[in-house]
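Asks: when you get a sec, could you give me coordinates for this:
(chains A, B, C and D)
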Amino acid sequence: MNVVYFAWVRERIGLPKEKLSTNAKTVMELVEELRAREERYAVAFSDLSALRVALDQELSDFDASLNGVTEVAFFPPMTGG
Amino acid sequence: MNVVYFAWVRERIGLPKEKLSTNAKTVMELVEELRAREERYAVAFSDLSALRVALDQELSDFDASLNGVTEVAFFPPMTGG
Amino acid sequence: MRIQVQDAAFDLGAETERFAKAQDAAGAVVTFTGIVRNNADGTLKCMRIEHYPGMTEKALQKIADQAQERWDLTDLLIIHRHGDMVPGEMIMMVATASKHRLHAFEAAEYLMDYLKSRAPFWKKEMTADGAEWVAAKDSDEDALSRW
Amino acid sequence: MRIQVQDAAFDLGAETERFAKAQDAAGAVVTFTGIVRNNADGTLKCMRIEHYPGMTEKALQKIADQAQERWDLTDLLIIHRHGDMVPGEMIMMVATASKHRLHAFEAAEYLMDYLKSRAPFWKKEMTADGAEWVAAKDSDEDALSRW
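Replies: Prediction:
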């Protein structure tokens, strides 16, 4: 599974994307796995209300299933326009 | 007093402006005077709901006073933009 | 603030670019452009716009002043033509600039609503069948009630 | 309909002119332009816009499709830049065309409201004192509730 990070999430984790092998069934389970890996992940994912998630480039929710998903993206609320 | 006409009011009366001597104290009195003059005026002023009036280039009402007014304009509802 | 009433065509692109480039405090620029639209039968030859010289400028100035009082604008522009225009030609434009996009949008809508029903312009459509004055729409008068 | 996501600057005047000239059925064209605004202290050196290639185009297409379903539009245009921009540079523009001015205005506001909070762009401000990510505003999220 490809996991991609943008804006300050990318900066805190220190990389723009990575390939992961995971058994996580939902986004939340993936977040718990990441938090447990290293301090920088724990910091980046400390406040989920400040984060958004997209599954295969569609905005989604933290309780969504990862079934069939190939790309998960984490980023802060968007500030376009 | 200068009286000016625009759009179909101008076309029905047949002239864009005229100088009048009048004792009319209100716009309505002036309208009555004009209606009494000739058929083309009576026709142009037959339905006041289809007309607007400006006094010295400010939108006004048919019951407004003509005291101190030098230019009266009659025209249909505006269609700018 | 600039208000222009003119017979000549205006350059929408150049006016928009110049207006936006002059804004250093605003983050938001909104423009509205009115274009001569053909009628349903496609028979419109020409749109003639008559106006009331003198009153037109005063009425537009008043509408612009009211918009500036009501919204936090850093600049505004109104250009309105009179005379004869063929389908596709631009009749008029307004532009507003503000720090806040909602202010720029609302002020532009306000300018348009008032300009439609309170500035002394009258449109006449010339077709193959003759000429006819465009009737004012009740919906345009009603639009003023929202402000 | 045209949607462009690009690093390069765009020519607001030329884009606006081209868009308006292409309209023969619409009487109303509305544009919105977002410009890099300096901060209160005037210390902004550069605004950097990051985006999510692939998702950005899909998100803008979806927002545009929703606007076209909801309003009677004859055309619409979205251009959004990413990369580095200095104060005064244009970040993005939208343009809408309709027979009805209210449709053109509302659709442009809708595009802007959704683009602000639903298209994957992130702004970072670089000043003499360092760099800071622009926080999303609650008011931008709240703006969506009116549609």
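Asks: quick check: pLDDT value at the closest residue to chain A within chain C.
Replies: Proximity of chain C to chain A (Cβ to the nearest Cβ) peaks at C:R101, 7.5 Å away. Every residue, glycine included, has its C-beta placed from N, CA and C. C:R101 carries a pLDDT value of 95.
Asks: quick check: mean pLDDT of the helix or strand C:D65 falls within?
Replies: In this assignment (DSSP states H and E), C:D65 forms part of helix C:55-70. Taken as a whole, helix C:55-70 carries a mean pLDDT of 98.
Asks: ok, the closest residue to chain B within chain A - contacts?
Replies: Nearest to chain B, among the residues of chain A, is A:G81, at 27.4 Å (Cβ to the nearest Cβ). Contact analysis of A:G81 by Cβ atoms under 8 Å, 6 or more residues apart in numbering or on different chains lists C:101, D:34, D:91-92, D:112, D:115-116, D:119, D:121.
Asks: what about 7 Å?
Replies: Listed by Cβ atoms under 7 Å, 6 or more residues apart in numbering or on different chains, the contact set of A:G81 reads D:34, D:92, D:112, D:115-116.
Asks: give me every residue in chain C lying close to chain B.
Replies: Counting by Cβ under 7 Å from any Cβ of the partner chain, the residues of chain C close to chain B are C:34, C:50, C:52, C:54-55, C:58, C:80, C:92, C:112, C:115-123, C:133-134, C:136.
Asks: select only the buried ones of these in ChimeraX?
Replies: In ChimeraX, this line selects whichever of those come out buried by 16 or more other Cβ atoms under 10 Å in any protein chain shown:
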select /C:34,50,52,55,58,80,92,112,115,116,117,118,119,120,121,122,123,133,136
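Asks: before we move on, back to that, now for the residue of chain C closest to chain A, how many residues are close by?
Replies: C:R101 has 24 neighbours, counted by other Cβ atoms under 10 Å in any protein chain shown.
Asks: quick check, it in contact with D:M112.
Replies: Yes: if you go by Cβ atoms under 7 Å, C:R101 and D:M112 touch, sitting 5.9 Å apart.
Asks: between these two, which contacts overlap?
Replies: Here C:R101 and D:M112 share the contacting residues D:F32, scored by Cβ under 7 Å, 6+ apart.
Asks: ok, A:S65 - contacts?
Replies: For A:S65, the contact set (Cβ under 7 Å, 6+ apart) comprises A:25-26.
Asks: list phi and psi for it.
Replies: Backbone geometry at A:S65, expressed as degrees, to the nearest 10, gives phi -80, psi 150.
Asks: and it, what are its bridge partners?
Replies: When assigned by DSSP bridges, A:S65 has beta-bridge partners A:T26.
Asks: report the contact partners of C:A136.
Replies: So C:A136 contacts B:77-79, C:117 (Cβ under 7 Å, 6+ apart).
Asks: I misspoke; the intended subject was C:I3.
Replies: Shown in contact with C:I3 (Cβ under 7 Å, 6+ apart): C:57, C:60-61, C:64, C:78.
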